[in-house]
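Student: Structure here, sequence nowhere to be found:
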């Protein structure tokens, strides 16, 4: 814990300028729930912290013409408690409700959860299933990138937190015959990392009988949040119940690459549980789409 | 290391403190303001004993930098009683034997208070979820849940 300065810029512009002045020696801090322990353990070193948690540009949950925009500075608690998100992006509200503990959820932000780049971050998996895009500000301007492309490996994202600031996330809301859900397996319900987590988005035909489209996301079964694309492909156009779902879950468990981990269990167990957990998420997503 | 003067509002009082930018809130509360009711446990956000209220919400003071919370309202365990009169959650913890070693109690009591401020009539499940971020190794939690439920009735 050896930084020299803690600055609280009044605007996004000022924050970007401050980062630029420090030429890679400063780092963005929002809720600090991941960064502060990393700094304490000296896993990261910085000269200056730039606090973006008070920036108005990073606040708010807005919905317009079927498009949702969530500020990167919105806390997990705010997402979990949002009636709008519970209704139109349930998987994300459920994922945010599973982060850490209540005390962590009041401080931690969705932007931080993504920049921290853990392959099983409880908001990353639902955002991936929602096919979210990320708005990133730098001194060159604002760029938009699919969330999926942001990940490099555990703990490393393509957002350079010494020069760039994640501003917001966007995705299409789920209305009509569309639904989503999140499922999580962990040793306890609070303060424990997931053994597995899964999110499903189901887009059904008008009569609710077939999958018109779907998106399935899983973590941690790879170095980055994982889309089970072969399983999705197998289910497109198929009935929402019956043999095709069972087969698709087997495909998902084959394309996922969980590893044996002393905290998370054996690869064999976790591969088996992919079917169970993803099956639960998909079943609830379909039920939500039909409702 | 550049020290800076910050204003903190702790238990209703404005306090000017000179801090270094890497001091956590729990360090400033305990070592500079001598409010040692807030306990420091794991130091990495897992155990919850350092919980204080920030603008009424429970947060981890070991993960929060003091410079981060300038101007915000902080309540520690010392700020709950009004004079000699304990807060109903504190009374209930005594009455129900919800305290053994006492190390988790400040975090538990403040978390219980924050819950009851937001939801005066929580379910038992709601109480369990609210305190899920504070670890107690003595009581087995049952008496703590009973005490918070009883305080809800008393309020």
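Tutor: Sure, I can see it. Note that this is a predicted model, so its numbers are computed, not measured.
Student: Could you check how far stretch B:103-111 is from the centre of its chain?
Tutor: Mean C-alpha position of stretch B:103-111 versus that of the full chain (C-alpha atoms, centre = their mean, to the nearest Å) differs by 6 Å.
Student: mind giving me the domain split of the chain?
Tutor: As the question left the chain open, I've gone with chain A. The domain map for chain A lists A:5-51, A:56-172, A:178-290, with the assignment taken from automatic domain parsing.
Student: ah, no, chain B please
Tutor: According to automatic domain parsing, the domains of chain B span B:4-79, B:88-154.
Student: so which of those domains gets nearest chain A?
Tutor: When these are compared for distance to chain A using C-beta to the nearest C-beta, the nearest one is domain B:88-154, at 2.7 Å. Backbone N, C-alpha and C define where each C-beta goes, glycine included.
Student: Give the helix, strand or coil label for residue B:128.
Tutor: Three-state call for residue B:128 (DSSP: H, G, I helix; E, B strand; the rest coil): helix.
Student: pretty sure it contacts residue B:142?
Tutor: No. Residue B:128 is beyond contact range of residue B:142, at 10.1 Å (criterion: C-beta atoms under 8 Å).
Student: For these two, indicate the residue with more neighbours.
Tutor: Higher neighbour count among residue B:128 and residue B:142: residue B:128, with 16 against 10, using other C-beta atoms under 10 Å in any protein chain shown.
Student: and the more buried one, what does it touch?
Tutor: Shown here is residue B:128, whose contacts under the criterion C-beta atoms under 8 Å, 6 or more residues apart in numbering or on different chains are B:141, B:145.
Student: what does the stretch 101-250 of chain A have sitting close to chain B?
Tutor: Taking C-beta under 8 Å from any C-beta of the partner chain as the criterion, the stretch 101-250 of chain A approaches chain B at residues A:101, A:102, A:103, A:104, A:106, A:107, A:189, A:190, A:191.
Student: neighbours of the first one, just the number please.
Tutor: Pointing back at residue A:101 there. Summarising burial for residue A:101: neighbours were counted as other C-beta under 10 Å, giving 28.
Student: now the strands for the stretch 51-200 of chain A?
Tutor: Here the stretch 51-200 of chain A has its strands, by DSSP state E, counting those that start in this stretch, at A:61-64, A:67-71, A:133-138, A:141-146, A:151-153, A:156-157, A:165-172, A:178-185, A:196-204.
Student: what's the most buried one of the ones you listed?
Tutor: The densest packing among those, expressed as mean neighbour count by mean count of other C-beta atoms under 10 Å in any protein chain shown, is seen in strand A:196-204 with a mean of 28.
Student: what pairs with that strand, and is each one parallel or antiparallel?
Tutor: strand A:178-185 (antiparallel), strand A:211-219 (antiparallel) (DSSP bridges).
Student: Show me the contact partners of the shortest one.
Tutor: Contacts of strand A:178-185 from elsewhere in the structure, counted by C-beta under 8 Å, 6+ apart, are A:89-92, A:94-95, A:98, A:122, A:125-126, A:129-130, A:174, A:194-204, A:273, A:277-278, A:280-291.
Student: repeat for stretch A:78-94
Tutor: In contact with stretch A:78-94 (C-beta under 8 Å, 6+ apart) are residues A:61, A:63, A:68, A:70, A:96-97, A:105, A:110, A:123, A:126-127, A:129-130, A:171, A:173-175, A:179-182, A:199-201, A:281, A:285, A:288.
Student: bridging residues for the spatially most central residue of chain B?
Tutor: In chain B, the C-alpha closest to the average C-alpha coordinate belongs to residue B:52, at a distance of 3.3 Å (C-alpha atoms, centre = their mean). Using DSSP bridges, the beta-bridge partners of residue B:52 come out as residue B:59.
Student: residues in contact with it?
Tutor: Neighbour list for residue B:52: B:25, B:26, B:29, B:38, B:58, B:59, B:61, B:74, B:75, B:76, B:110 [criterion: C-beta under 8 Å, 6+ apart].
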